[in-house]
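Participant: sharing a sequence plus its predicted fold:
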Amino acid sequence: MFSLDTLNERQKEAVLHGKAPLLILAGAGSGKTRVITTRIAWLISEMQFRPDQILAVTFTNKAAREMQERVVNLLTLDANAESLPMVKTFHSFCAWMLRRNAALAALDPYFTIYDDDDSLALVKTILPAKVPPAEARQFQHWISRCKDDNLTPDDELTSISAHPDLAEVFALYEAKLTASGNVDFGGLIQKSVQMLRTHNGFQNRMRQKFQVVLVDEYQDCNGAQFELLKELAGPETWLAVVGDDDQSIYRFRGADVGHILGFQERFPGTNVIRLEENYRSTGRILAVAGQVVAKNQGRLGKTLWTKNPEGQKPRFVLIEDQDAEAQWALELIRRSPLTQTAILYRTNAQSRAFEAAFVRAKVPYRIVGSVRFFAREEIKDVLAWLAFLNNPRDGIAFGRIINKPARGLGATALGHIENHLGFANNWLDACGLALGDMKGKAKSGLGQFLSLASELGSLLENSPQLAPAVNEIIEKSGLAEYHQQQDEVQSTSRRQNLDELVSAAAPFAGSREGLSQFLETIELDAAASRESDEEVPGTVTLITMHNTKGLEFDRVLVTGLEDGLFPRDETAQDRDELEEERRLFYVAITRARKELWFSACKRRLLHGRFLDRSPSRFLAEITPTDVDGLGQVASAGGNDGWVPGQRVYHDDYGSGTVVKKWYNGGELALDVRFDSGRMGRFLPAYTPLEKMASDD
């Protein structure tokens, strides 16, 4: 039987709330899942709702299973009983609703749900054959985003893309999808919204069936999910949403923090209950987290507190470069092992230095939410080119690079090349022999490949250092453009990973021997990392800040806190973008239970050369006395008031904004964009720049 005895006063208030719309602002570590599940149990046990009158929706299957299991345990229900609360993801709930009411949506109840690959294949049937695959994928991505925002081909689509053909391609796509009788992933929600809006009887039936609606992680709602909730919740619905506006970090996926900020306006009479007692972190960690997120204007406001001990102060270290940063992390872990340590970073590419250090030191680690650096597709593509140039007999490498990016060489052409292998010393010679027998597109594509292989081979032979050669290979092979397009479609960071590979090649000479040593080093490191895949006590977690959502660790190291890396665009002035980056920093901080460390590098190896870095502007927003070592930021120019975003005035150029802070021969330098559009570069020690308030 469930009990309220374990709940604090605010949690009890949320559980026992009546019929009026309810917004539960649940701070990090405040026990929101316990509140949701206990509220469901209370509604069934005390308010006499039948279990099947309750709908709870969330964003992942894992979260849905956990909620369902907790409710079953609280009420000692039979997990296989027919009458249970419906706890589903948005998409699985909509699939359930569409299949049972398929005729209203002009669907067969046995429709197939198209995934991204199916949708891409459908887009390709619409576009001319000559359109590159990357462009087809771009259209598929745009169409998916349109559906996330509940847009149709007849709507204004410039918020998604200004491409002149998007509306037409979208319309043809929808026509073909409808003709197939199937539904794509985004269409599950969009069609459900349309069905509820156009069939009043059906809408009334759904509202009568689900008299209680709860939404978890409401801050992550996109436009279509918001519209679905509006249609499901009627005047008599017991509606409650749980979320944290300070943890809205998925804007790139279509999530809109405006939905939680505007909830009270959309649902008049809403009661807001703030869950502010944190059960996870120490007091000093929460104090820093609060300072960070308090700088955001777009938030409803709350202050986390805890009965936990104050704990030790968070600490900041300023380190020479990323290899030294990895070594610092390694020594810290060796010196003071904790049960759980996590190293957080902004981009996947940053994992490489940590992976290399841990593999060589035989420290077990795991990567969450992504694959190991040298196992990533884009990295393996470049390494295949390097391996093939080093040894043209490498058939595996040849198979990976010959048609990527696409060169019009299909199975027939590749089989033809293989037939010549018996008369050649290697795959390169076999290509040369096969070229004379080929025609049309295949002949042109193979000729381009041979010319490229010759050019890249000469490049390697004539480059004194390996890193510039690797960079040229990435560019000239077409892999840079190919993976840049994948970044735009899939919101990945493949191009940054390629840049990091160039940096990894920096210590090696440009000779054949240097290339062999580089490839050997990578393979040995990769083999050692595969051996350490099994998790053992003391395993260190490597994870991006985005992937830490919902997780917690005894010790957290937030690394790479440099302008241009975090926030990613050091010249960014878009308030919404900066506030989302700040929320991401807040999420990273609140993952820590006992220890919190920050680190930044004075310089970072990019494209094979070192570039000076400035500590993140977000560090300058923290009171220095609350973080040991933060005074170093001041000595590095981070806490002297000269931060990107600072408004300034110059007698000759007028008002402007600092867009970048850097160092020139040890002197602090500023790049300023003036309101006239003119750019200027200044040394504040010698130039009269007047600081202005942001509203001047």
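Facilitator: Yep, it's here.
Participant: what segments of the stretch 1-150 of the chain are strands?
Facilitator: Using DSSP state E, counting those that start in this stretch, the strands of the stretch 1-150 of the chain run over 22-26, 54-58, 86-89, 113-114.
Participant: for the third one, list the C-alpha coordinates in PDB.
Facilitator: Output for strand 86-89, consisting of C-alpha atoms alone and laid out as PDB, is shown next (Å, rounded to 0.1, in the frame of the first residue of the first chain):
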ATOM      1  CA  MET A  86      -1.900   3.500 -19.400                       C
ATOM      2  CA  VAL A  87       1.800   4.600 -19.200                       C
ATOM      3  CA  LYS A  88       3.300   5.100 -22.600                       C
ATOM      4  CA  THR A  89       5.500   7.300 -24.700                       C
END
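Participant: mind listing the strands that strand pairs with, and their directions?
Facilitator: strand 54-58 (parallel) (DSSP bridges).
Participant: from what I can see residue 389 touches residue 454, true?
Facilitator: No. The pair residue 389 / residue 454 is not scored as a contact, 10.2 Å apart, by Cβ atoms under 8 Å. (Glycine included, C-beta is placed from N, CA and C.)
Participant: higher neighbour count, these two?
Facilitator: residue 389 (22 against 11; other Cβ atoms under 10 Å).
Participant: quick check: phi and psi at that one.
Facilitator: Dihedral angles of residue 389 (phi, psi; degrees, to the nearest 10) stand at phi -70, psi -30.
Participant: so where does the closest residue to it other than its chain neighbours fall, helix or strand?
Facilitator: Nearest residue to residue 389 in three dimensions, chain neighbours excluded: residue 457, at 5.4 Å (Cβ to Cβ, 6 or more residues apart in numbering). Using DSSP states H and E, residue 457 maps to helix 440-462.
Participant: for that helix, list every residue counted as buried.
Facilitator: The neighbour-count check on helix 440-462 (16 or more other Cβ atoms under 10 Å) flags 442-443, 445-446, 449, 452-453, 456-457, 459-460 as buried.
Participant: what is it packed up against?
Facilitator: For helix 440-462, the elements it packs on are helix 377-390, helix 411-419, helix 427-435, helix 466-476, helix 512-531, judged by 3 or more Cβ pairs under 8 Å, 6 or more residues apart in numbering; DSSP states H and E.
Participant: who wins for proximity to residue 94 among those?
Facilitator: Ranking the helices and strands packed on helix 440-462 by proximity to residue 94 (Cβ to Cβ) places helix 377-390 first, at 31.4 Å.
Participant: if I pick the nearest residue to residue 500 once chain neighbours are set aside, what's in contact with it?
Facilitator: Leaving aside its sequence neighbours, residue 500 sits nearest to residue 349 (Cβ to Cβ, 6+ apart; 3.9 Å). Residue 349 makes contact with 373, 493, 496-497, 499-500 under the criterion Cβ atoms under 8 Å, 6 or more residues apart in numbering.
Participant: helix/strand/coil for residue 611?
Facilitator: What DSSP: H, G, I helix; E, B strand; the rest coil gives for residue 611 is strand.
Participant: most centrally placed residue in the chain?
Facilitator: Per Cα atoms, centre = their mean, the C-alpha nearest to the average position across the chain is that of residue 546, at 5.2 Å.
Participant: wait, it touches residue 248, no?
Facilitator: No. At 11.8 Å, residue 546 does not count as touching residue 248 under the criterion of Cβ under 8 Å.
Participant: one step back: what separates the residue nearest to the centre of the chain from residue 432, distance-wise?
Facilitator: Separation of residue 546 from residue 432 (Cβ to Cβ, to the nearest Å): 47 Å.
Participant: just for this structure, where's the confidence low?
Facilitator: In the predicted model of the chain, residues 1, 77-82, 338-339, 488-491, 524, 526-537, 569-573, 632-641, 662-667, 693-696 satisfy pLDDT under 70.
Participant: give me that answer again for 50
Facilitator: Within the chain, the stretches with pLDDT under 50 are 533-535, 636-639, 665.
Participant: circling back to that earlier point, of the strands of the stretch 1-150 of the chain, which is nearest residue 514?
Facilitator: Residue 514 lies closest, by Cβ to Cβ, to one member of the strands of the stretch 1-150 of the chain: strand 113-114, at 47.5 Å.
Participant: next up, phi/psi of residue 325, please.
Facilitator: Main-chain torsions, residue 325, degrees, to the nearest 10: phi -60, psi -40.
Participant: distance check, it against residue 356.
Facilitator: With the distance defined as Cβ to Cβ, residue 325 ends up 12 Å from residue 356.
Participant: pick out whichever of those two has more residues nearby.
Facilitator: Set side by side, residue 325 and residue 356 give different neighbour counts by other Cβ under 10 Å, the larger being at residue 325 (26 against 20).
Participant: in the sheet, who's paired with the nearest residue to that one once chain neighbours are set aside?
Facilitator: Nearest residue to residue 325, sequence neighbours excluded (Cβ to Cβ, 6+ apart): residue 319, at 4.7 Å. Residues in a beta bridge with residue 319, per DSSP bridges, are residue 601.
Participant: burial count for residue 319?
Facilitator: Residues lying near residue 319 (other Cβ under 10 Å) number 18.
Participant: let's number from 525 now, not from 1
Facilitator: Renumbered: residue one is now 525, and that last one reads residue 843.
Participant: so what's it up against?
Facilitator: Going by Cβ under 8 Å, 6+ apart, the list of residues near residue 843 reads 849, 852, 1123-1126.
Participant: tell me the one among those residues nearest to residue 1105.
Facilitator: Nearest member of the contacts of residue 843 to residue 1105, counting by Cβ to Cβ, is residue 1124, at 15.2 Å.
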